[in-house]
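Novice: Sequence first, then the predicted structure, then my questions.
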Amino acid sequence: MADIVALSSQRQKKRCLTNHLHKKARQLMPYDDRIHFCGSHVQNEFIKPGVILTETTNGETCARIRGIARCGSSWSCPTCGALKAEQRTQTAAAIIKTLDTQRYSFVFMTFTCFHKPGMGLNDLIDRHSKAMQVFKQDKSARNVKKAFEFQGAIIGADSTWSDKNGWHWHIHELWACAKDSDDIQADIEQFKSTLKQRWQHACKRSGLYASLSNGLHIKQMFSPDHDTVGYIAKISDPVREVSSQYTKGGRKEGHMTPFQILEKYANTTGKLKRRMAAVYKEYVESTKGRRQFRIDTKLKGLYEEITGELIELDPDLVESLNAVKPEEHFIPMLGSTLNWVLMNDHYIEFLERCEADIGAAQRWAEEGERLSFLRSISGFSEANQDMIVFAA
Ligand SMILES: [Zn+2]
């Protein structure tokens, strides 16, 4: 296995990391949490299981198991979180590119507030949501939206944590505006202080504090291909910062994303490990049932009007993973063989083998399953393998 991983591409390395985090998250979740069945077996009642091979844009072969069970949680499951992030980024990118060709402008807003250690995340999110509602209904803020010729927004929630400052919960909104780029720039300068003041007022009404300098960040976005889409990917990709630890050095010391907390939990011992476990569990409990990402009705309507297409924001994850696109190649395999792969922790190795040589990978898994079966019926061991095979 070691030599296969050594040859891995960046994408394969990210898959290893996601799989590693997935195992750590499982250790911390209660036994009845859906994450325990995520990736543990294949569901073959309604579809034919197997492996789907797809060619990536840079010419690499990418394999996925068809029929694999998934929990679909974008908050607490590193695997489903990363998969959903990919879907969301693609949807958002399609909207942004379409609107850009129609000369719409984009304003990126980040709503945050003062926080300190000891402030519970659940209460912070409740109060922050209330503040967002107050801000949305605020007359002056609505007038600014009118001035911008606001046409709808893409909205994402995000959180980091640090020992020094506690939970840093924030909402990102990408506003699509009908005004052209130069006019929006002038409007931002003119109305920036009004928006900051109204956000401060909304926070006060919800029992929070937002400073005028740090509470609300407003930025005009340019060149959607590289800038805006990159931002959306940043908002919605939950393993981004953990991956960047290996490539770019990560965020500044102390500020950790939830999956960085998970990574720290995995790499520490004793008191610090228990602390990281408690922080991660609080994050999972506090975000349960909340929406992480959405596109508002107004923007969906506008996109539909321009393109004649409906936006499917969160298509069923399992359904889309199981669908075989015309350009993809499907290799049917037995559910029992794939279950041998999953139940024996060979997921990463198997996919990498499939990407290198699908026929050899299938034979390897079938042989693994066969030996495992022989072991189970005859007390078989590696040492007497030849004898048992001969006897069979
Ligand atoms: Zn999952």
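Specialist: Now that the structure is in, tell me what you want to look at.
Novice: Next up, the contacts around Leu302.
Specialist: Leu302 is in contact with 99, 151-152, 176, counting by CB atoms under 8 Å, 6 or more residues apart in numbering. Every C-beta, even on glycine, is put in place using the N, C-alpha and C of the backbone.
Novice: Can you show me the helices along the stretch 201-350 of the chain?
Specialist: For the stretch 201-350 of the chain, the helices defined by DSSP state H, counting those that start in this stretch cover 228-236, 240-247, 258-267, 270-287, 297-307, 317-322, 335-343, 347-356.
Novice: quick one: the third one to helix 270-287, angle?
Specialist: Angle, helix 258-267 to helix 270-287, by axes from the mean of the first three to the mean of the last three CA atoms, to 10 degrees: 150 degrees.
Novice: Show me what counts as buried in helix 258-267.
Specialist: Residues of helix 258-267 classed as buried: 258-265 (neighbour count, 16 or more other CB atoms under 10 Å).
Novice: before we move on, what about the shortest one?
Specialist: By neighbour count, with 16+ other CB under 10 Å as the criterion, the buried positions of helix 317-322 are 317-318, 321-322.
Novice: again, but for the last one
Specialist: For helix 347-356, the neighbour count (16+ other CB under 10 Å) marks 347-355 as buried.
Novice: Show me the domain layout of the protein.
Specialist: 2-72+328-391, 78-317 (automatic domain parsing).
Novice: close to the ion, is the last one?
Specialist: Yes - Domain 78-317 reaches the ion (CB under 5 Å from the ion) through 79-80.
Novice: That domain: how far from the chain's middle?
Specialist: 13 Å (CA atoms, centre = their mean, to the nearest Å).
Novice: next one: stretch 358-371
Specialist: 32 Å.
Novice: so for it, what's the average pLDDT?
Specialist: Mean pLDDT, computed over stretch 358-371, is 96.
Novice: pLDDT weak spots in the stretch 1-150 of the chain?
Specialist: For the stretch 1-150 of the chain, the stretches with pLDDT under 70 are 1-8.
Novice: just to revisit the earlier point, which of the helices of the stretch 201-350 of the chain has the lowest average pLDDT?
Specialist: Among those, helix 240-247 scores lowest, with a mean of 40.
Novice: I'd like to know how many residues surround the nearest residue to Pro315 once chain neighbours are set aside.
Specialist: Distances taken as CB to CB, 6 or more residues apart in numbering put Gln87 closest to Pro315, at 6.6 Å, once the chain neighbours are dropped. Look at Gln87: counted by other CB atoms under 10 Å, it has 19 neighbours.
Novice: Equivalent analysis for Glu285, please.
Specialist: The burial count for Glu285: 12, using other CB under 10 Å.
Novice: circling back to that earlier point, and the buried residues of helix 347-356 near the ion, which?
Specialist: Within the buried residues of helix 347-356, nothing lies near the ion by CB under 5 Å from the ion.
Novice: What is the nearest of the residues you listed to the ion?
Specialist: The ion lies nearest to Tyr347 out of the buried residues of helix 347-356, by CB to the ion, at 12.7 Å.
Novice: Can you give me every residue that contacts the residue nearest to Tyr280 when sequence neighbours are not counted?
Specialist: Counting by CB to CB, 6+ apart, Tyr280 lies nearest to Ile261, which is 5.0 Å off, once chain neighbours are set aside. Ile261 sits next to 161, 276, 279-280, 283 when contact means CB under 8 Å, 6+ apart.
Novice: my read: Asp158 touches His172, true?
Specialist: Yes - between Asp158 and His172 a contact is recorded at 6.4 Å, counting by CB atoms under 8 Å.
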